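Peer 1: Sequence plus predicted model, see below.
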Amino acid sequence: MANPSLLLESIFILFIIFFLPCLSSSCPEYQKQALLQFKSSVLAINPSFDTLDSWNSSTSSCCLWDKVTCSSPSNSTSSVVIELHLSYLFAKFMPSNLLAPLFFIRSLRVLDLIGNSINGQIPALGLGNLSNLVHLDLSWNSINGQIPALGLGNLSNLVHLDLSWNSINGQIPELGLGNLSNLVHLDLSWNSINGQIPALGLGNLSNLVHLDLHENGFNGSIPLKLFQLKYLQHLDLGYNSLEGGLSPKRLSLGRNKFSNGIPSSISYLRDLEELHLGDNSLSMEIPSDIGNLSNLSILALGKNKLTGGIPVSMQKLNKLYLLDLGGNLLTGEIPFWLFNFKDLQHLYLGGNNLTWNNNMKIVPKCTLSELSLRSCGLQAEIPEWISTQTNLFFLDLSMNQLHGPFPQWVAKIGVSYLILSHNKHSGSLPPALFRSSGLFVLALSHNNFSGELPKTIRDAKVLRILMLDRNNFSGPIPQSISQISELELLDLSHNRFSSNIFPVFNHQVNLLYADFSSNQFSGEVPTTFHPNIETLALGGNKFSGALPSNLAKLRNLQRLELQDNNISGELLNSLLQISYLQVLNLRNNSLQGSIPKTLSNLKNLRILDISSNNLTGKIPIEFVNNLMGMIEAPPNRTSQTSNFVIAPFSSIINITEFEVNELIVNWKKSKQGLSSHNIDMYFLLDLSNNQLSSEIPTSLGALKALKMLNLSYNKLSGKIPTSLGDLQNVEGLDLSHNKLSGPIPTAFAKLQQLTTLDVSNNKLTGRIPIDGQMNTMADPNFYANNSDLCGFQIHVPCPEDIPPAPKLQEHDNKEEPWILLEAIGIGYPIGFLLTIGNIIVAGYFNPSSPSNSRRRCLHPHRLIKQRI
């Protein structure tokens with residue numbers, strides 16, 4: 001007999017499957033009546049019309065009708081009509097006023113009325129009610145009149161509009177269509193629209209991808225704004241009466257995401273005077289016939305991926321004023337004729353794979369104000385012809401093989417932007433260099449300059465960026481450097497500067513970035529900087545004593561580096577008041593005491609390195625509660641260096657092009673540099689090489705943004721918290737050289753980003769977890785010296801994986817030994833008799849010689865031996 005409760009349950013499920021959709025798909029009654037009224041109006045014109053037979057009042061819901069699509073709002077169980085697909089329904093002419101009932105269905109998102117012989121004007125006011133409309137297609141009809149200025153402009157969500165193959169006339173209104181900011185596809189082709197193409201009406205459609213205006217009566221010139229629609233891929237203006245110049249005079253499409261090659265058809269824009277395509281992803285070679293653009297005065301193709309050489313045809317561009325080819329993949333020799341353009345003032349060729357012919361003698365006809373030959377293979381001394389360019393404002397000759405002393409003529413010319421880094425220059429800096437009233441940027445990094453800095457450095461009143469790192473400068477820093485009030489970026493790292501007296505940068509010097517690392521400074525940690533300083537790097541010196549309490553006055557500090565000094569004492573609470581701090585590096589000092597609980601006040605901290613000190617005690621549980629910078633990676637951070645603006649040429653020169661020093665940390669078992677330009681990508685906590693004890697707090701598992709966690713070389717004990725398996729972004733985890741016990745948590749198999757794991761030199765036991773990235777953690781050295789670990793990673797099978805040894809078979813039959821003895825007793829005499837028989841038969845078939853009687857009398861055993 002069937003179970004009654006099971007039967008009732010089955011009936012309920014069938015009810016849900018078959019009847020509930022019908023209840024939930026009923027459309028509003030007013031929408032149903034609107035559709036029935038539309039059908040009735042059509043039948044009044046064409047009584048034989050039967051295409052919409054499913055539209056009848058007897059059907060419970062219009063959502064079940066043909067050509068109708070519904071969707072249920074999230075806050076209601078009823079459905080609404082969102083799509084009407086009514087294409088090719090009517091063969092006879094249908095007045096556009098018959099569409100009126102449809103305009104009451106304001107939930108419509110798609111309205112398709114293609115090929116219905118609709119005549120009359122566009123019902124603008126009615127369509128204007130459909131504010132949710134995304135797709136409207138009225139093509140292949142007989143609509144006439146003008147495109148209305150009002151009504152269509154209300155359709156702000158419209159993405160697709162097709163009015164092609166109609167009889168629309170008049171002009172496109174400046175307003176109306178221009179309000180459809182989300183429009184991607186616009187087709188007005190095969191109409192009778194006339195007048196000029198409105199620059200405002202269409203030029204404001206910034207998301208437009210497809211624009212088709214062919215087969216109309218447009219006249220006048222093509223608006224320049226059409227060429228500035230950055231997403232436009234399809235443009236058809238054929239079969240009109242357009243006139244005037246075929247091309248605009250200025251085409252600016254820079255700083256977009258254009259890819260592939262520059263189309264060769266661009267050479268037909270003969271009237272073009274300015275072409276800006278820089279800072280995209282354009283590839284392939286520069287069109288060989290680009291020289292046909294003979295009116296060009298500005299050609300900006302920098303910061304792309306262009307390949308090949310500089311086209312020979314480009315020497316026909318004798319009106320060039322600015323040529324920017326920098327930051328590409330161009331190859332070949334730099335042609336001499338580039339310097340024959342009389343009007344050329346700005347030339348950027350740096351950052352390619354171009355080569356300079358050092359034997360080439362040039363007598364330039366141009367007078368340059370800006371020149372970049374970065375990484376162009378220049379050798380020996382700076383080419384002499386550059387000294388003739390007395391109007392030079394910007395000069396970049398970095399990343400070459402130039403050597404010799406600093407050129408005196410450079411100091412006399414008074415270049416404002418001077419970049420000679422990554423060369424082999426030597427000697428001292430001439431005092432005249434800093435007497436230039438316009439020196440704005442001086443970058444001499446990675447050379448062999450030596451000696452002390454001249455005291456005339458104070459005369460560089462407008463100097464904003466000074467980069468002298470990685471040279472052999474020595475002596476104290478001139479106190480007068482603190483008088484350069486405009487100075488924002490100062491990098492003197494990796495030299496041999498020494499002194500225990502530091503310049504006092506008063507509140508008038510708006511220094512934002514200062515790097516004095518890897519020198520021989522001594523004394524107490526200096527704090528004589530502007531309160532607005534953001535980056536202060538003092539690592540790799542001989543600073544000693546305790547951390548100064550007035551560090552807290554540097555309230556905007558984001559990055560503080562004091563690693564590799566002789567700093568002692570405890571971590572001060574005053575240091576922990578710098579709320580904007582993101583990077584704190586105190587590695588390899590002599591700090592003592594415990595980690596303060598208030599360290600969690602640094603909510604923006606992303607990188608904390610206090611390794612290789614003498615810190616003791618527990619890792620405080622409260623330590624991680626408020627470290628939001630490590631708990632969740634904030635979106636769209638910008639690099640600190642983006643704060644530096646070196647106008648007036650910020651479009652060509654950017655501070656990120658300068659090589660700001662990397663942050664050196666212990667990353668995945670080795671010291672690595674984290675790029676300062678991408679430092680916001682890194683999240684690190686390093687407490688290794690201290691005397692920390694007790695258990696690892698489970699709260700560390702909340703730091704889900706961490707990419708690196710290093711707790712090695714301490715005295716931590718207890719079990720590894722399972723919560724560490726929640727560190728979903730961690731790439732490196734080092735728990736080695738502690739006193740940890742118990743198993744490695746199976747939750748480690750969830751660490752999908754893990755590439756380095758070290759748990760060696762502990763007291764761990766049990767199976768090493770499998771699955772996920774743990775299957776790739778197979779270096780036995782990273783598990784060595786533990787109590788009893790096992791697993792395939794270290795080629796040690798776990799006890800439960802070893803199959804049991806086979807058991808010896810037991811004989812239960814008690815009579816078996818007697819049977820065995822009987823078999824032996826019977827078998828022995830039978831075997832003996834068979835042997836004797838073989839001997840006799842062998843002797844019978846092999847008779848001996850009669851004369852050899854002695855051989856016949858041999859003993860049987862000797863006979864056997866003889867035969868063998």
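Peer 2: Perfect, thanks for sending it. Residues are numbered from 1 along each chain as shown.

Peer 1: Just want the most central residue of this protein.
Peer 2: M681 (9.4 Å; CA atoms, centre = their mean).

Peer 1: List the residues that contact that residue.
Peer 2: M681 makes no contacts at all, as judged by CB atoms under 8 Å, 6 or more residues apart in numbering. For glycine as for every other residue, the C-beta is placed from the backbone atoms N, C-alpha and C.

Peer 1: what about it, distance to E731?
Peer 2: According to CB to CB, to the nearest Å, M681 and E731 sit 11 Å apart.

Peer 1: hey, where'd the strands end up in the stretch 151-300 of the chain?
Peer 2: 160-162, 167-170, 185-187, 192-196, 210-212, 217-220, 234-236, 241-242, 250-252, 259-260, 274-276, 281-285, 298-300 (DSSP state E, counting those that start in this stretch).

Peer 1: got it, and the stretch 651-800 of the chain?
Peer 2: 663-667, 670-674, 684-686, 691-695, 708-710, 715-719, 732-734, 739-742, 756-758, 763-767, 788-790.

Peer 1: what do you get for the stretch 401-550 of the chain?
Peer 2: Under DSSP E, counting those that start in this stretch, the stretch 401-550 of the chain gives strands at 401-405, 417-419, 424-427, 441-443, 448-451, 465-467, 472-475, 489-491, 496-499, 513-515, 520-523, 535-537, 542-546.

Peer 1: so for the third one, what's the average pLDDT?
Peer 2: So that's strand 424-427. Throughout strand 424-427, pLDDT has a mean value of 96.

Peer 1: Each with direction, which strands does it pair with?
Peer 2: Paired neighbours of strand 424-427 in the sheet (DSSP bridges): strand 401-405 (parallel), strand 448-451 (parallel).

Peer 1: S518: which of those strands is closest?
Peer 2: Smallest distance to S518 across the strands paired with strand 424-427 (CB to CB): 15.8 Å, for strand 448-451.

Peer 1: tell me which residues of that closest one are tucked away?
Peer 2: F449 (16 or more other CB atoms under 10 Å).

Peer 1: Could you do stretch 259-274 as well?
Peer 2: Here stretch 259-274 shows I262, I266, S267, L269, L272, E273, E274 as buried, counting by 16+ other CB under 10 Å.

Peer 1: which among these gets closest to G545?
Peer 2: E274 (60.1 Å).

Peer 1: Let me see the contact set for that closest one.
Peer 2: Applying CB under 8 Å, 6+ apart, the residues near E274 are K249, R250, L251, S252, L296, S297, I298.

Peer 1: Of these, which is the most crowded?
Peer 2: L296 (23 neighbours; other CB atoms under 10 Å).

Peer 1: Confirm for me that that one is in contact with L317.
Peer 2: Yes: counting by CB atoms under 8 Å, L296 sits close enough to L317 to count as a contact (5.2 Å).

Peer 1: separation between the nearest residue to S723 once chain neighbours are set aside and D758?
Peer 2: Once flanking residues are discounted, S723 sits nearest to G701: 2.7 Å by CB to CB, 6 or more residues apart in numbering. For G701, the distance to D758 equals 18 Å [CB to CB].

Peer 1: Can you report how many residues lie near A514?
Peer 2: 23.

Peer 1: now it, which residues is it bridged with?
Peer 2: Here A514, judged by DSSP bridges, has bridge partners L490, L536.

Peer 1: Which residues are in contact with it?
Peer 2: A514 touches L490, D491, F505, F529, I533, T535, L536, A537, counting by CB under 8 Å, 6+ apart.

Peer 1: how far away is it from L557?
Peer 2: 11 Å.

Peer 1: same deal with F782?
Peer 2: Plainly put, F782 is 37 Å away from L557 if you go by CB to CB.

Peer 1: Could you count how many residues lie near the residue nearest to S723?
Peer 2: Counted with other CB under 10 Å, the neighbours of G701 add up to 18.

Peer 1: Isn't it up against L727?
Peer 2: Yes: between G701 and L727 there is a contact under CB under 8 Å: 6.4 Å.

Peer 1: count of neighbours near S288?
Peer 2: Neighbour count for S288, taken as other CB under 10 Å: 14.

Peer 1: Touching, it and P311? I think so.
Peer 2: Yes: between S288 and P311 there is a contact under CB under 8 Å: 5.1 Å.

Peer 1: I'd assumed G673 was in contact with I664.
Peer 2: Yes: contact criterion CB under 8 Å: I664 and G673 qualify, at 5.4 Å.

Peer 1: With neighbour numbers in mind, choose between those two.
Peer 2: I664 (20 against 11).

Peer 1: So that one versus F440, what's the distance?
Peer 2: Where F440 is concerned, I664 sits at a distance of 30 Å (CB to CB).

Peer 1: Likewise for C376?
Peer 2: Counting by CB to CB, the gap from C376 to F440 is 23 Å.

Peer 1: neighbour-wise, which of these two wins?
Peer 2: A count of neighbours by other CB under 10 Å puts F440 above the other of C376 and F440, at 22 against 19.

Peer 1: buried sites along stretch 123-138?
Peer 2: 123-124, 126-130, 132-138.

Peer 1: same question but for stretch 793-809, I mixed them up
Peer 2: Under 16+ other CB under 10 Å, the buried positions of stretch 793-809 are Q793, I794.

Peer 1: which residues touch that stretch?
Peer 2: Contact with stretch 793-809 is made by G766, R767, I768, M774, M777, A778, D779, P780, Y783, L789, C790, G791, as judged by CB under 8 Å, 6+ apart.

Peer 1: about what we covered before: confidence-wise, which of the buried residues of stretch 123-138 comes last?
Peer 2: Comparing those by pLDDT, A124 comes last, at 85.

Peer 1: if I pick that residue, what's in contact with it?
Peer 2: P148, L150, G151, L152.

Peer 1: Also K361?
Peer 2: Counting by CB under 8 Å, 6+ apart, K361 makes contact with W385.

Peer 1: Does I720 touch S736 like I think?
Peer 2: No: I720 is beyond contact range of S736, at 11.8 Å (criterion: CB under 8 Å).

Peer 1: what sits in contact with each of the two?
Peer 2: V759.

Peer 1: And the contacts of A514, which is closest to L111?
Peer 2: Using CB to CB, the contacts of A514 come closest to L111 at T535, 57.8 Å.

Peer 1: Count the neighbours of the closest one for me.
Peer 2: 24.
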